[in-house]
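*Asks:* got a sequence here, can you model it:
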Amino acid sequence: MVPSLETLLTQTHRPRILVLGDVMLDCYVWGDVTRISPEAPIPVLSVVRMEERLGGAGSVATMLATLASDVALVSVVGNDPQQERVRELLEAAGVETGAVVAADDRATTVKQRLLGGTSSRHPQQMIRMDRESREPVGEAVAARLAAGIRERLDRVDLVVVSDYGKGVCSVPLLEELIQLARAAGVPVVADPAPGADYRRYCGCTCITPNRTEAGGAVGRTITTPAEGLAAAEELLRFGVEAAMVTLDRDGIAWADARGNRRLFPVRAREVCDVTGAGDMVASAFSYAWALGADWTAACDLANLAGGLEVSRLGVVPLARDVLLDEWKSSATSAAAKSAGAKIVSLDELRPQLVRRRAAGEKIVMTNGCYDLLHPGHVASLQFARRQGDCLVVGVNSDRSVRQIKGPERPVVDQRGRTEMLAALSCVDYVVVFDETSVESLVGQVLPDVLVKAAHYTGAEVVGHEIVERRGGRIVLCPVEDCYSTTALIERITAHPNRARKEAA
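*Replies:* The predicted structure is shown next:
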């Protein structure tokens with residue numbers, strides 16, 4: 001059984017994850033700026049405190065450990081004092097460091113940020129100072145890294161490659177890792193380095209570039225969600241099974257070799273700092289995938305984590321209980337919205353469908369009177385929703401129902417019928433039409449799939465020509481013969497006392 005998002009954040013099993021990549025030490029110097037230097041036209045930072053955190057692959061490893069994973073890191077540090085601090089932070093987070101190799105010919109990567117604020121403003125980065133090497137590690141160090149991978153690969157559920165282009169993830173080492181992982185049946189999730197040749201990730205289960213990185217790989221700028229989705233699909237040509245492109249404010253675009261294409265919108269937030277958001281997305285996705293989640297649940301968790309990360313300053317690992325609280329809050333907020341938000345006019349519906357089509361979603365439509373909503377209706381609506389990504393339900397107005405069914409119908413008025421339909425989770429939009437024929441509405445909605453009960457043949461379904469002319473299809477839904485609105489009404493009117501007793 002594929003775990004749900006809530007299950008992922010509450011289960012007790014700890015996934016075992018191996019992280020390969022460039023570990024860094026992020027140093028933050030916090031202070032106040034209240035004056036300009038008399039020596040030069042620059043702000044003077046009065047230091048209040050200093051903080052050290054792990055960055056790069058160290059950040060990913062820490063995030064995974066904070067998500068209740070058993071994590072081992074394969075990386076390189078310099079033979080210098082900073083390596084001791086890196087090891088201390090990793091071990092404090094619960095990350096296994098036996099495969100973190102100290103090299104004599106390079107320094108530990110350190111990024112120092114100076115953050116200045118005033119009494120009335122949030123601290124902002126003033127400058128960042130980097131000390132790093134971008135040269136590939138030497139053969140001897142690479143051999144030790146490969147040995148660390150081989151020693152641990154048979155004990156892990158998933159491998160994360162956190163490539164920052166600092167020399168750890170060399171092409172030969174990646175090739176060996178991917179080959180060994182595929183032979184062992186272990187998925188590999190790679191977060192590519194900026195400007196990298198993506199052929200080095202051939203054979204990975206999934207790559208997770210951001211908007212800019214993906215744009216560079218496909219040779220164009222990505223400005224819209226639709227362009228992000230197209231880029232994710234194009235990235236599959238590099239020999240990966242799936243591509244997840246993170247689009248900051250536009251969420252996540254997913255494409256895989258099985259033909260799945262989808263956009264995952266993100267909840268709008270005030271952005272405090274984008275630092276670490278990509279690592280948090282990759283970590284949450286990998287955590288979910290290692291636990292057996294499908295790609296939709298993994299992307300949902302990644303989206304939730306990335307959105308929450310940008311509301312924090314700096315790289316802040318997020319624990320499961322924090323994500324669970326955020327998910328419950330979002331779910332409660334969404335549930336609290338009136339189902340009436342689904343009840344739309346045709347003018348309101350059109351732009352919504354344009355947006356969903358641009359996101360690669362398949363639009364499904366069905367229609368009916370839905371007087372006295374019963375289990376047969378619910379089953380048919382659930383069936384219709386499974387045919388695509390968005391279900392539009394056309395509902396006959398009270399006037400058109402009277403024309404079709406007679407002056408005694410409908411039993412439930414238009415408002416009640418639409419509100420009951422909108423309360424169903426399988427229904428995305430409810431739109432009322434006043435004509436006795438649904439053909440005009442079909443021509444306005446232009447669904448990819450038109451669903452109707454199997455009482456009809458495909459040629460008898462009103463609007464089938466419109467749908468099929470555009471390359472869409474007609475799907476006939478199995479009928480629940482034991483349920484009928486007309487039969488229910490006749491039963492109630494014929495035996496009112498019995499109906500009241502049964503209802504009681």
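
*Asks:* any idea how far C204 is from S4?
*Replies:* 26 Å (CB to CB, to the nearest Å). Yep, even glycine has a C-beta here, placed from its N, CA and C like the rest.

*Asks:* who has more neighbours, the two?
*Replies:* Set C204 next to S4 and count neighbours by other CB atoms under 10 Å: C204 wins out with 27 against 12.

*Asks:* surely the more buried one is in contact with V161?
*Replies:* Yes - using CB atoms under 8 Å, C204 is in contact with V161, at 7.3 Å.

*Asks:* torsion angles phi and psi at the most centrally placed residue in the chain?
*Replies:* Among the residues of the chain, C299 comes closest to the average C-alpha position under CA atoms, centre = their mean, at 3.0 Å. Main-chain torsions, C299, degrees, to the nearest 10: phi -70, psi -40.

*Asks:* point out where the stretch 201-350 of the chain drops to low pLDDT.
*Replies:* Filtered on pLDDT under 70, the stretch 201-350 of the chain yields the residue ranges 267-276, 309-316, 329-340.

*Asks:* verify the stated contact: the residue nearest to the centre of the chain with A253.
*Replies:* No - using CB under 8 Å, C299 is not in contact with A253; the gap is 9.4 Å.

*Asks:* got any residues that touch both of the two?
*Replies:* 244, 262, 264 (CB atoms under 8 Å, 6 or more residues apart in numbering).

*Asks:* contact partners for I363?
*Replies:* If you count contacts by CB under 8 Å, 6+ apart, then I363 has 353, 356-357, 388-390, 392, 445-449 around it.

*Asks:* among the residues you listed, which ones are buried?
*Replies:* Among those, those classed as buried by neighbour count (16 or more other CB atoms under 10 Å) are 353, 356-357, 388-390, 392, 445-449.

*Asks:* reformat these as JSON lines; add secondary structure, pLDDT and distance to T118.
*Replies:* Shown next, in JSON lines, are the buried ones among the contacts of I363 (DSSP: H, G, I helix; E, B strand; the rest coil; pLDDT from 0 to 100; distance: CB to CB, whole Å):
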{"residue": "L353", "secondary structure": "helix", "pLDDT": "90", "distance to T118": "47"}
{"residue": "R356", "secondary structure": "helix", "pLDDT": "82", "distance to T118": "44"}
{"residue": "R357", "secondary structure": "helix", "pLDDT": "84", "distance to T118": "47"}
{"residue": "G388", "secondary structure": "coil", "pLDDT": "90", "distance to T118": "53"}
{"residue": "D389", "secondary structure": "coil", "pLDDT": "88", "distance to T118": "48"}
{"residue": "C390", "secondary structure": "strand", "pLDDT": "92", "distance to T118": "48"}
{"residue": "V392", "secondary structure": "strand", "pLDDT": "95", "distance to T118": "52"}
{"residue": "V445", "secondary structure": "helix", "pLDDT": "94", "distance to T118": "54"}
{"residue": "L446", "secondary structure": "coil", "pLDDT": "94", "distance to T118": "55"}
{"residue": "P447", "secondary structure": "coil", "pLDDT": "94", "distance to T118": "56"}
{"residue": "D448", "secondary structure": "coil", "pLDDT": "94", "distance to T118": "54"}
{"residue": "V449", "secondary structure": "strand", "pLDDT": "94", "distance to T118": "57"}
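
*Asks:* nearest to V186 among those residues?
*Replies:* D389 (31.3 Å; CB to CB).

*Asks:* phi, psi of the closest one?
*Replies:* Main-chain torsions, D389, degrees, to the nearest 10: phi -110, psi -20.

*Asks:* contacting residues for the nearest residue to T118 once chain neighbours are set aside?
*Replies:* Distance criterion CB to CB, 6 or more residues apart in numbering; nearest residue to T118, sequence neighbours excluded, is V33 at 6.1 Å. Going by CB under 8 Å, 6+ apart, V33 touches 43-46, 116-118, 126.

*Asks:* at 10 Å what do you get?
*Replies:* Taking CB atoms under 10 Å, 6 or more residues apart in numbering, we find V33 in contact with 42-46, 114-118, 121, 123-124, 126.

*Asks:* tell me how far the helix or strand containing E213 is from the chain's mean position?
*Replies:* Secondary structure assigned from DSSP states H and E places E213 in helix 211-218. How far helix 211-218 lies from its chain's middle: 18 Å, per CA atoms, centre = their mean, to the nearest Å.

*Asks:* list the buried residues in it.
*Replies:* 211, 213-218.

*Asks:* of the residues you listed, closest to W295?
*Replies:* For these, the nearest to W295 is A214 (17.1 Å; CB to CB).

*Asks:* may I see the shared contacts of C299 and A253 organised as a markdown table, with secondary structure added?
*Replies:* Formatted as a markdown table, the shared contacts of C299 and A253 follow (DSSP: H, G, I helix; E, B strand; the rest coil):
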| residue | secondary structure |
| --- | --- |
| M244 | strand |
| R262 | strand |
| F264 | strand |
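
*Asks:* ok, and the most crowded of those residues?
*Replies:* Using other CB under 10 Å as the neighbour criterion, M244 leads those with 26 neighbours.

*Asks:* you'd agree that residue is up against N260?
*Replies:* No - between M244 and N260 there is no contact under CB atoms under 10 Å: 11.2 Å.

*Asks:* any residues in contact with both of those two?
*Replies:* Residues touching both M244 and N260 (CB under 10 Å, 6+ apart): 254, 295.

*Asks:* so what's the residue nearest to A184 when sequence neighbours are not counted up against?
*Replies:* With CB to CB, 6+ apart as the criterion, A184 has its nearest non-adjacent residue at 5.8 Å, and that residue is L153. For L153, the contact set (CB under 10 Å, 6+ apart) comprises 18, 72, 159, 177, 180-181, 183-184, 186.

*Asks:* picking that back up, which elements pack onto the helix holding E213?
*Replies:* Contacts defined by 3 or more CB pairs under 10 Å, 6 or more residues apart in numbering; DSSP states H and E place helix 211-218 against strand 206-207, helix 225-235, strand 242-246.

*Asks:* which one of the ones you listed is the most hemmed in?
*Replies:* Per-stretch averages of neighbours, counted by mean count of other CB atoms under 10 Å, single out strand 242-246 among the helices and strands packed on helix 211-218, with a mean of 28.

*Asks:* got the angle for it vs helix 225-235?
*Replies:* With axes from the mean of the first three to the mean of the last three CA atoms, to 10 degrees defining the directions, strand 242-246 sits at 150 degrees from helix 225-235.
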